[in-house]
Every structure is written in structure tokens, then in C-alpha cells.
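Trainee: Build the 3D model from these lines:
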Amino acid sequence: MLTRCRYEQLQLRANTLREELHTEIERMLDDIVRFKLHIQKSLEEYEQFIADEVERSCQEEDQLGDAEDDAET
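Mentor: Model prediction:
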């Protein structure tokens, strides 16, 4: 009888521990997903910033080229 009672206690403790670990894993996965989304958003914003800078730089070069062409004629 004592062995059976001890076995049931161990099963309950194992189930409790399993649930705690499952909850912690869910929390960690949630943190990882939020971090991934943050990094992805930051990279997209940086990519857009670079594209805007390249476009602005090209426009400035075109304007300088047009001004030089006008000055030569």
C-alpha cells in the first residue's frame, strides 16, 4: 500500500513538472517569435532606408550631371 501511494505521488509530481516545463517552453517560444518578428521588422525598415538613400543619391547625381551638361553648352 505504501509503495502504491508513493508511486501515485511520483506520478502527480511528474505530471506537475511536465506541465511546468511545457508552460516554460511555450513562454520561451513566444519570446523567440516576438524577437524574430522584431528583427525582421528592423531589417525591413533598414532595407527601405537603404533603398531611399540609394534613390536620393541617384537623383542628386542626375541633377549634378544635368547641371554640368547645361554648363558645358
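Trainee: Now do the same for the helix or strand where I39 lies: mean pLDDT, whole number.
Mentor: Taking DSSP states H and E as the criterion, I39 maps to helix 2-72. When pLDDT is averaged over helix 2-72, the result is 93.
Trainee: Please state the offset of that helix from the chain centre?
Mentor: Its chain's average C-alpha position is 0 Å from that of helix 2-72, according to Cα atoms, centre = their mean, to the nearest Å.
Trainee: Summarise which helices and strands that helix is packed against.
Mentor: Under the contact criterion of 3 or more Cβ pairs under 8 Å, 6 or more residues apart in numbering; DSSP states H and E, helix 2-72 touches no helix or strand at all. In short, each C-beta sits where N, CA and C put it, glycine included.
Trainee: in the protein, which residue is closest to the centre?
Mentor: The centroid of the chain falls nearest to K36 when counting by Cα atoms, centre = their mean (1.9 Å).
Trainee: Kindly provide the distance from that one to L43.
Mentor: The span separating K36 from L43 equals 11 Å under the rule Cβ to Cβ, to the nearest Å.
Trainee: swap in A14?
Mentor: In this structure, A14 lies at 43 Å from L43, with Cβ to Cβ as the measure.
Trainee: Ok, D62 next?
Mentor: 29 Å.
Trainee: now swap in S57 and tell me
Mentor: With the distance defined as Cβ to Cβ, S57 ends up 21 Å from L43.
Trainee: can you check L21 too?
Mentor: Distance, L21 to L43, using Cβ to Cβ: 32 Å.
Trainee: what does V33 give?
Mentor: For V33, the distance to L43 equals 16 Å [Cβ to Cβ].
Trainee: for R34, same thing?
Mentor: According to Cβ to Cβ, R34 and L43 sit 15 Å apart.
Trainee: Neighbours of Q48, how many?
Mentor: Counted with other Cβ atoms under 10 Å, the burial measure for Q48 works out to 10 neighbours.
Trainee: ignore the last one, D62
Mentor: Other residues near D62 number 10, with proximity taken as other Cβ under 10 Å.
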